[in-house]
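Asks: Starting from these lines, generate the structure:
(one chain, ligands or ions: 2)
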Amino acid sequence: MATPVILGIETSCDETAAALVDAERRILSAPLAGQEELHAAYGGVVPEIAARAHLLRLDRLIARALREAGLGLGDLAGVAATAGPGLIGGLIVGLVTAKTISLVHDLPLLAINHLEGHALTARLTDAIAFPYLLLLVSGGHCQLLIVEGVGRYRRLGTTIDDALGEAFDKVAKMLGLGFPGGPAVERAAQGGDPARFAFPRPLAGQSGCHFSFSGLKTAVRHAVLALGAAALEPRNRADLCASFQAAAAESVVDRTRRAIALFRERHPQGDTFVVAGGVAANTALRTALASLAAATGLRLIAPPLHLCGDNAAMIAWAGQERLALGLVDDLAAPARARWPLDPTAEPAIGAGVKA
Ligand code: KG4
Ligand code: ZN
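Replies: Numbering: from 1, shown residues only. Ligands and ions are numbered 1, 2, ... in the order given. Model (predicted):
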């Protein structure tokens, strides 16, 4: 019997993506259309522009995914779409499309939490077992979670202000490096001196596993203002970016070290640490996390770059995991701008204030 294939749809932010993934972890097709050029002038994603672009592109992307895999909608075992968290207009476009296909072709619908997509990607790429520790670093999220099973997540820490990708994007904006900022800051940092600017390592040394990046971002802004027009000279820009990156990586390593201790307490046999999300593409961060994993005896899994950022293969795979467990949704499944993976986690606001 042929292995079941699921169509995944991702429209939660500024990537329109469709993918076909089978139950044996094969990605049959995964076309993706970015929207960078539509948002570049604004220095960030404009929700209405994003939603309209998803609407205009999604049907053709789905057709392309099917064509590339040589399949029709009738061959599918299910249809999965990101239902949240994210920008509500885009979520509605993707989810309503999935519901329509589900209804017309009588297919199981899987309304997927985008963060669960990121969280389960390492099982698609590396077939790892539960439990594992996950660091999710993207433009919208910065979280440390223990992944205990499908739908079973224990959040250890989150950001009390900006996500790390957001901080990269804002630093890029200050330095006229364009959008999205992460890759541009990384490129600009090459050859820069990471020790020239003594930027703060937010929350380093403090208890808990929360993150904070707004103070670091402000410190970069002060350095940029102090340099005036000279901040944009290549040497200064490289040093600013390298120093920012080093501070951010050190802060993440400090927080993650604490999370590893908590993971070990809860799961003494746990041996795997996964890093996912768009910022996981950053080499300085990956290198710092690889050293931490080696020092703490954990195996580090970082999915390939094209599966680190937003994509639909991770949504199709989360759909496979849920379908295998019978966790199917009905047509009433809502699109949700907010949707925490661990609903029992305390709000993080103010958590970083005390030691
Ligand atoms: O996971 P993702 O594609 O989208 C979501 O936010 O869900 O992550 C995008 C974020 C952006 O903020 C982008 O600037 C950042 O990931 N990013 C990077 C790098 N590549 C992407 N940040 C630092 N270094 C990179 N190489
Ligand atoms: Zn994402």
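Asks: Get me the contact residues on the stretch 201-350 of the chain for ligand 1.
Replies: Taking C-beta under 6 Å from any ligand atom, the part of the stretch 201-350 of the chain that reaches ligand 1 is made up of 277-279, 281-282, 309-310. All C-beta atoms are positioned from the backbone trio N, CA, C, and that covers glycine.
Asks: And the helices in the stretch 51-200 of the chain?
Replies: Taking DSSP state H, counting those that start in this stretch as the criterion, the stretch 51-200 of the chain contains helices spanning 88-105, 114-126, 164-174, 181-189.
Asks: so how far is ligand 2 from the closest residue to ligand 1 within the stretch 251-355 of the chain?
Replies: For the stretch 251-355 of the chain, the nearest residue to ligand 1 under the criterion C-beta to the nearest ligand atom is Gly278, separated by 2.0 Å. Look at Gly278 and ligand 2: by C-beta to the ion, to the nearest Å, they are 6 Å apart.
Asks: Let me see the backbone angles for the residue lying closest to that residue once chain neighbours are set aside.
Replies: In this structure, Gly278 finds its nearest non-sequential neighbour in Gly309, 4.2 Å apart by C-beta to C-beta, 6 or more residues apart in numbering. For Gly309, the backbone dihedrals (degrees, to the nearest 10) come out as phi -80, psi -180.
Asks: Distance check, Gly309 against Gly34.
Replies: Here the criterion is C-beta to C-beta, to the nearest Å. By it, Gly309 lies 9 Å from Gly34.
Asks: quick one on the thing from earlier: distance to ligand 1 and mean pLDDT added to the helices of the stretch 51-200 of the chain, as a markdown table?
Replies: Rendered in a markdown table, the data for the helices of the stretch 51-200 of the chain read as follows (distance: least, C-beta to the nearest ligand atom, whole Å; pLDDT from 0 to 100):
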| stretch | distance to ligand 1 | mean pLDDT |
| --- | --- | --- |
| helix 88-105 | 12 | 98 |
| helix 114-126 | 7 | 96 |
| helix 164-174 | 3 | 94 |
| helix 181-189 | 2 | 96 |
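Asks: Quick check, pLDDT for the nearest residue to Gly157 once chain neighbours are set aside.
Replies: With C-beta to C-beta, 6+ apart as the measure, Cys209 is the residue that lies nearest to Gly157, at 2.9 Å, once sequence neighbours are left out. With respect to pLDDT, Cys209 has a value of 96.
Asks: and Cys209, helix, strand or coil?
Replies: For Cys209, the secondary structure call by DSSP: H, G, I helix; E, B strand; the rest coil comes out as coil.
Asks: who are the neighbours in contact with it?
Replies: Residues near Cys209 by C-beta atoms under 8 Å, 6 or more residues apart in numbering: 144, 156-157, 255-256, 258-259, 262.
Asks: Repeat that for Val171.
Replies: With contact set as C-beta under 8 Å, 6+ apart, Val171 has these partners: 177, 181, 185, 217, 220, 240-241, 244.
Asks: May I ask which two of these are separated the most?
Replies: Taking C-beta to C-beta as the measure, the contacts of Val171 span a maximum distance of 14.1 Å, between Leu177 and Lys217.
Asks: On the three-state scheme, whichever residue of the stretch 251-355 of the chain sits closest to ligand 2 is what?
Replies: Distances from the stretch 251-355 of the chain to ligand 2, computed as C-beta to the ion, single out Asp310 as the nearest residue at 4.4 Å. The three-state label for Asp310, taken from three-state DSSP, comes out as coil.
Asks: any idea how far it is from Asp271?
Replies: Distance of Asp310 to Asp271, given as C-beta to C-beta: 28 Å.
Asks: And Ala290, by the same measure?
Replies: In this structure, Ala290 and Asp271 are 15 Å apart, going by C-beta to C-beta.
Asks: So for the two, which residue has more residues nearby?
Replies: Set side by side, Ala290 and Asp271 show unequal neighbour counts under other C-beta atoms under 10 Å, the larger going to Asp271 at 17 against 14.
Asks: show me the contacts for the more buried one.
Replies: Asp271 makes contact with 297-299, according to C-beta under 8 Å, 6+ apart.
Asks: what's the longest helix in the protein?
Replies: Ranked by number of residues, the top helix in the chain under DSSP state H is helix 234-266.
Asks: hang on, the earlier thing: of the contacts of Val171, closest to Ala204?
Replies: Phe244 (14.8 Å).
Asks: hmm, back to that, can you tell me which of the contacts of Cys209 is closest to Thr344?
Replies: Nearest to Thr344 out of the contacts of Cys209 is Leu156 (C-beta to C-beta; 12.1 Å).
Asks: just checking, Ala195 touches Gln245?
Replies: No. Here Ala195 lies out of contact with Gln245, judged by C-beta atoms under 8 Å, at a distance of 11.8 Å.
Asks: Of those two, give the one with the bigger neighbour count.
Replies: Remark: of Ala195 and Gln245, Gln245 carries more neighbours, 25 against 10, as counted by other C-beta under 10 Å.
Asks: burial count for the residue of the stretch 251-355 of the chain closest to ligand 1?
Replies: Counted with other C-beta under 10 Å, the neighbours of Gly278 add up to 26.
Asks: Tell me the buried residues in the least confident helix or strand in the chain by mean pLDDT?
Replies: In the chain, the helix or strand scored least confidently by mean pLDDT, DSSP states H and E is helix 36-39, which has a mean of 86. Using 16 or more other C-beta atoms under 10 Å as the burial criterion, the residues of helix 36-39 that qualify are His39.
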